[in-house]
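1. here is my input; please provide its structure:
(chains A, B and C)
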Amino acid sequence: MAETLLDIRNLRIEATAYPPGEPPRNLVLVDNVSVSVKKGRVLGLIGESGAGKSTIGLSAMAYGRGGVRLTGGEVRLNGRDIRLADAAGLRALRGREVTYVAQSAAAAFNPAKRLMEQVVETCLHHRLMSRAEAETRAVWLFGKLGLPNPETFGNRYPHQVSGGQLQRAMTAMALCPKPDLVIFDEPTTALDVTTQIDVLAAIKEAIRDTGVAALYITHDLAVVAQVADDILVLRGGKTVEYGATGQIISDPRAAYTRALVSVRSIEHQEKPDARPILSVDHVTARYPGTHFDVLKDVTVDVAPGQTLAIVGESGSGKSTLARAITGLLPATQGRIRFDGRELSPDLASRTRDDLRELQMIYQMADVAMNPRQTVGTIIGRPLEFYFGLKGEARDRRVQELLDQIEMGAGFAKRFPAELSGGQKQRVCIARALAAKPRLIICDEVTSALDPLVADGILKLLLALQAREGVAYLFITHDLATVKAIADKIAVMLKGAVVRYGRKSDVLSPPFDDYTDLLLSSVPEMKPGWLEQVLKHRRMESAGN
Amino acid sequence: MRRIPISALIGLLVTGAFFAVALTAQWIAPYSMEEASGGVWEPISAAHWLGTDNIGRDLLSRMIFGAQVTIFIATAATILSFATGSVLGFLAATAGGWLDQVLSRLVDLIMAVPTLILSLVILTAVDVTNLTLILVMGFLDATRVFRLSRAVAVDITVMDYVEAARLRGEGRSWIIFREILPNALSPLVAELGLRFIFAVLFISTLSFLGLGVQPPLADWGGLVKENSAGLVYGVPAALAPAFAIALLAIGVNLVADWVLSRTTSLKGGRGG
Amino acid sequence: MNSVLKLVAQRIALGLLLLLAVSILIFFGIEALPGDAAQAMLGQSATPEALANLRHQMGLDQPELPRYFHWLGGLLTGDLGKSLTNGEDIAAAIGNRLGNTLFLAFWAAIFAVPLAILLGLLAARHAGKWQDKLISGVTLATISLPEFVAGYLVMYFLAVYWRVFPSMAMIFPGMSLWTKLNTIALPVIVLVMVVLAHMMRMTRAAILNVMQSAYIETAELKGLGPLAVVWRHAFPNAIAPVVNVVMLNLAYLVVGVVVVEVVFVYPGMGQFLVDHVAKRDLPVVQACGMIFAAVYIGLNILADVISILANPRLRHPK
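-> Numbers count the residues shown, from 1 in each chain, chains lettered A, B, ... in the order given. Prediction:
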């Protein structure tokens, strides 16, 4: 039995909030959490935003961001309670016994210094090894983590390497001083799905080869299932469930954990093809003043009452396609037909009916609503603008719409700042519905939301489609979402459509290389998936 | 209802008092503006609460009328700079294109020369009257209001809710008055305070240099100039109007700081 | 490295273009105003003959464009024309005074810059605590003081009441450096007061901005002490914004000088300019205006060039 490295007992963490114009308020971020990590093992911390997972992670370094304070319980590291350590004691353990990998390595690296300088800094500062030894170890780690040209990689500045590479460099920086414990704080969340799998594999291998213990923090259960030995499920700062990874995934006991495990299991029956309501015909577009086409000869169509999912990674041009269809970025070539008539490429020369029948919902519901307007005004304006509804008639319709999005009467008087993330997105959906559209463009509408909330939004969208017969053009980077709602799928890469068709066809072999890569990169909620994929890929490349 | 912090309350009180004095100068001043009612630089007495000035006029009365002149010119210049600056700024931000380019480059050019230097050059060539002072100060300062309101409006224009309004087919007036203006108001109100302070300091400086309000009328800057010679002999008469300028500026600053902090806390709280 | 040189060259070229535009503004802007310089000089009651005479003498009866180019050519070759009021050669009159003004501004900068950075660091280090509040309170007070008010306050207390320094800052070419410095002590103090507040506020903001970056947290989590964090991680990134702040405020100093010179009767460009505005001597005013604008624009260019050079993204392109 390995010896216990980190032992957290009855931890309580508090912070003080300063709401403007009100007296300061005390917040309990983490309450009565106990957890332990043995040497060389990996503990996954999982939960939605606000669950307290990063706060607990940083408590292993006795570090609190802003005004965060550890107010109760014990944090025993290598047998001693680090809550009692003084400033010098903390400095001695930070970087030597425990190190940290942040979500955004791009921000966590000092832009003015070369990578090597920063990677070996901890070793030199704590006098753990000589500069030559440290640099040798850094180069070894760079190679281990699959970075290109490990010998010279460290000579570069942070802005000269990609996001995925920076994330690996930060892992190297954390592993360089041979710590006992590394805290990984959502290290792959900001990455594209095809990059994520490589970084994930590199991190896992590095953990195994260095024998270090780790806390792995993420909101994605499928990701943590690949790397963790044990999992702690958190919600609102409290423990929901704590157990071995296999048990949590295959036999979750708490209702909340069960919901997390089953989150991506919406089943959607593909509808038969029909005459399109929207056809995008060989559309090419570029931003004014540039010489580069961001959309290249795109042809797709959407049938009434059905969903076309546009899938791609960042920079694939999927949001640009939405801008071309709405007329915000007039297409330079090609045609866009809507309900049999041709739409003008330019927004300004479209008719009011064109505008009404084609609505849009945004990724960030926060900035998609005017913070100075009430929910009633936000939903009521399209009613007034398109249908001339006023006074009581308008209020009645607003009420109906609020009912449709499963929100109560009281919400009409609220401002957006008084709503939760999911509620905001629902109001945006109601605003789009108010125009009685034939087609709604949904631009990453669930990607800023926690999994359970996102699930609720998807279910609502499907229910509305069944009732109102509205078609969706659904833009997303998340293949699980696509499987849940699409009738047709278009896969985009660098501004062009690389695969397009019925969902069942697009998702069945034979695949083109990119779709194969994309599909196989989506983490699945079963332990051992990562190894399988990597083995499969190695065999394929060996076969070629 | 938000509580008003004590510093802002003091600021409001000081500013309000000065405006009240300016509005009621005719009735509350013990002597007229030009009446020589005592000897040169008499010390503080029951008849002259602040003493007399360099030619024997009651200093308190001159200060009260000076408040009227200073505050009138500063207010008029501020209104002018805001009216032109914010309208053009919003227009440039929403219209974009060549109009934005022309206006922005023109403003860049004017702001490339320090305001004091540019106004000195202009005042060499025109008759110095209260009207020309207001016009020169108002138009030169409008460049700063233009920059701020354009920047604020551009920030708001790229928000998805403005795009949503454009996609709905809303006209420009709805977008400016219903979507942009309500969100731009707080920073603009804070800026209004700062521009007013600037106008007070600027007209005082011009008058002190002898290029502002012309005698026999005098604003606070002019009063400092008239009585500055006495300082060397230990007569502090010039310090009273100097103190008034500083007090008004601090008062308005305290209010503007408060409005500004409310704005930022509002922004921070938007995420809910 | 090439792209940096290109950027710097671009910035300088843009600055020169701006200066040209300013010369057009100062020349034609005045022409566009109602009335003209001759009218302004002689007043409303002037006889038509006198006006015509003066206009001829000033060259105002000539077409505008050739006059502009003649004026611009003169500026570039150092021939600033003749004063209207006493026929004096402007370049000769300005030369000595420009030196005096730069002397004053230089000594103000020598004291203000280190003091402002030190206080800015202090305020940033103790952000939100009493030290910060005290510093920002004093700052608010000095920002609310126009330069001439600060000038008379300092004069009243330091020269008249306590008699530490002379109240008038008359300097002559023959004075020793020490006597000169003693003589200009009061105007230097006032300029430092005036420029310190802005510079300190902006330094504080620049440093706080750097200190809130994620890489500072990274350094703290490496176990580095506060000094090492500041020296190794904050400082290299704070140089550029702080230098920028300093340059912008030196440009501001150039303007503050005008008023302070009048208060202390200092024989510099500022006082010269104000005198000739009162005398409506347009050629002198235009020449002085161009010189002030050139210094101001020059310092702004310098600020931009330094931030370009200090930016690692530009120095080490991909």
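
2. hey, let's count contacts and neighbours off CA atoms from now on
-> Noted.

3. list the buried residues of the helix or strand where residue C:203 lies.
-> Following DSSP states H and E, one finds residue C:203 within helix C:185-211. Using 16 or more other C-alpha atoms under 10 Å in any protein chain shown as the test for burial, helix C:185-211 gives C:185-208, C:210-211.

4. say whether chain A is contacted by that helix.
-> No: interface with chain A: helix C:185-211 contributes nothing (C-alpha under 8 Å from any C-alpha of the partner chain), its closest point being 10.3 Å away.

5. quick check: chain neighbours aside, which residue is closest to residue B:231?
-> Excluding the flanking residues, the one nearest residue B:231 by C-alpha to C-alpha, 6 or more residues apart in numbering or on different chains is residue C:156, at 6.1 Å.

6. show me what contacts that neighbour?
-> Counting by C-alpha atoms under 8 Å, 6 or more residues apart in numbering or on different chains, residue C:156 makes contact with B:231, B:232, B:234, B:236.

7. tell me the one of those nearest chain A?
-> Relative to chain A, the closest of those is residue B:236; by C-alpha to the nearest C-alpha it sits at 42.9 Å.

8. I'd assumed residue B:230 was in contact with that closest one.
-> Yes: contact criterion C-alpha atoms under 8 Å: residue B:236 and residue B:230 qualify, at 7.0 Å.

9. which residues sit against stretch C:66-78?
-> Under C-alpha under 8 Å, 6+ apart, the answer for stretch C:66-78 is C:23, C:27, C:59, C:80, C:81, C:91, C:287.

10. can you list the buried residues in that stretch?
-> Buried, per 16+ other C-alpha under 10 Å, within stretch C:66-78: C:71, C:72, C:75.

11. for residue 108, phi and psi?
-> Assuming you mean chain A. phi -80, psi -10 (degrees, to the nearest 10).

12. surely it is in contact with residue C:221?
-> No: using C-alpha under 8 Å, residue A:108 makes no contact with residue C:221, being 10.9 Å away.

13. looking at these two, which is more packed in?
-> residue C:221 (25 against 21; other C-alpha atoms under 10 Å in any protein chain shown).

14. ok, now which ones touch the more buried one?
-> Contacts of residue C:221 (C-alpha under 8 Å, 6+ apart): A:61, A:91, A:94, A:95, A:99, A:100.

15. pLDDT at it, what is it?
-> What the model reports for residue C:221 is a pLDDT of 93.

16. can you tell me how far it is from chain B?
-> Using C-alpha to the nearest C-alpha, to the nearest Å, one gets 27 Å for the distance from residue C:221 to chain B.

17. over to residue C:98?
-> 15 Å.

18. quick one: that residue and residue C:292, what's the gap?
-> Relative to residue C:292, residue C:98 is positioned 10 Å away (C-alpha to C-alpha, to the nearest Å).

19. tell me which of these two has more neighbours.
-> Set residue C:98 next to residue C:292 and count neighbours by other C-alpha under 10 Å: residue C:292 wins out with 23 against 19.

20. pull the distance from the helix or strand containing the more buried one to the chain's centre.
-> Element membership for residue C:292, per DSSP H and E: helix C:282-310. In terms of C-alpha atoms, centre = their mean, to the nearest Å, the centre of helix C:282-310 is set 8 Å apart from its chain centre.

21. and stretch C:267-275, by the same measure?
-> 14 Å.

22. only alpha carbons, please: show that stretch as PDB.
-> Taking Å, rounded to 0.1, in the frame of the first residue of the first chain, the C-alpha atoms of stretch C:267-275 are listed here in PDB:
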ATOM      1  CA  PRO C 267      12.700  84.300 -19.100                       C
ATOM      2  CA  GLY C 268      11.600  81.300 -21.200                       C
ATOM      3  CA  MET C 269       9.500  80.500 -24.300                       C
ATOM      4  CA  GLY C 270       6.200  80.300 -22.400                       C
ATOM      5  CA  GLN C 271       6.400  83.800 -21.000                       C
ATOM      6  CA  PHE C 272       7.500  85.000 -24.400                       C
ATOM      7  CA  LEU C 273       4.500  83.300 -26.100                       C
ATOM      8  CA  VAL C 274       2.000  84.800 -23.600                       C
ATOM      9  CA  ASP C 275       3.400  88.300 -24.000                       C
END
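
23. how about it and chain B, touching?
-> Yes: using C-alpha under 8 Å from any C-alpha, stretch C:267-275 reaches chain B at residue C:274.

24. now do the contacts for residue 254.
-> You didn't say which chain, so I picked chain A. A:240, A:241.

25. actually it's chain C I care about, not the one you picked
-> By C-alpha under 8 Å, 6+ apart, the neighbours of residue C:254 are C:105, C:292, C:295, C:296.

26. so which of those residues reach chain B?
-> Answer for those near chain B (C-alpha under 8 Å from any C-alpha): C:292, C:296.

27. the contacts of residue C:254, buried ones only, as a ChimeraX selection?
-> In ChimeraX syntax, the buried subset of the contacts of residue C:254 is picked out as below (16+ other C-alpha under 10 Å):
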select /C:105,292,296
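
28. low-confidence ranges in the stretch 151-300 of chain A?
-> Along the stretch 151-300 of chain A, segments meeting pLDDT under 70 span A:264-265.

29. up against chain C, what does chain A have?
-> Counting by C-alpha under 8 Å from any C-alpha, chain A sits next to chain C at A:61, A:90-96, A:99-100, A:107-112, A:122, A:125, A:157, A:159-160.

30. again, only this time at 7 Å
-> A:91-95, A:99, A:107-112, A:122, A:159-160 (C-alpha under 7 Å from any C-alpha of the partner chain).

31. can you tell me which of those has the most neighbours?
-> residue A:95 (33 neighbours).

32. what's the burial count for residue A:101?
-> For residue A:101, using other C-alpha under 10 Å, the count is 25.

33. contact partners for it?
-> A:170, A:171, A:174, A:183, A:184, A:185, A:187 (C-alpha atoms under 7 Å, 6 or more residues apart in numbering or on different chains).

34. most neighbours, which of those residues?
-> residue A:171 (29 neighbours).

35. now that one: closest residue in space that isn't a chain neighbour?
-> residue A:101 (6.1 Å).

36. any idea how far residue A:302 is from that neighbour?
-> 43 Å.

37. ok, residue B:90 next?
-> 39 Å.

38. and if you look at residue A:417?
-> In terms of C-alpha to C-alpha, residue A:417 sits 35 Å off from residue A:302.

39. quick one on the thing from earlier: filter the residues of chain A next to chain C down to just the ones in strands.
-> residue A:99 (DSSP state E).

40. so which of the residues of chain A next to chain C comes closest to residue A:245?
-> residue A:99 (23.5 Å; C-alpha to C-alpha).

41. what's the burial count for residue 148?
-> Picked chain A for this. 11.

42. wrong chain, I was asking about chain B
-> Neighbours of residue B:148 (other C-alpha under 10 Å): 20.

43. in which helix or strand does it reside?
-> helix B:130-157.

44. which strands or helices does that helix pack on?
-> helix B:59-95 (3 or more C-alpha pairs under 7 Å, 6 or more residues apart in numbering or on different chains; DSSP states H and E).

45. do me a favour and average the pLDDT over the helix it packs on.
-> On average, helix B:59-95 scores 91.

46. what of stretch A:359-369?
-> Across stretch A:359-369, the per-residue pLDDT values average to 91.

47. would you mind listing the outside residues contacting it?
-> Contacts for stretch A:359-369 (C-alpha under 7 Å, 6+ apart): A:416, A:424-425, A:428-429, A:432, A:437, A:439-448, B:159-161, B:271.
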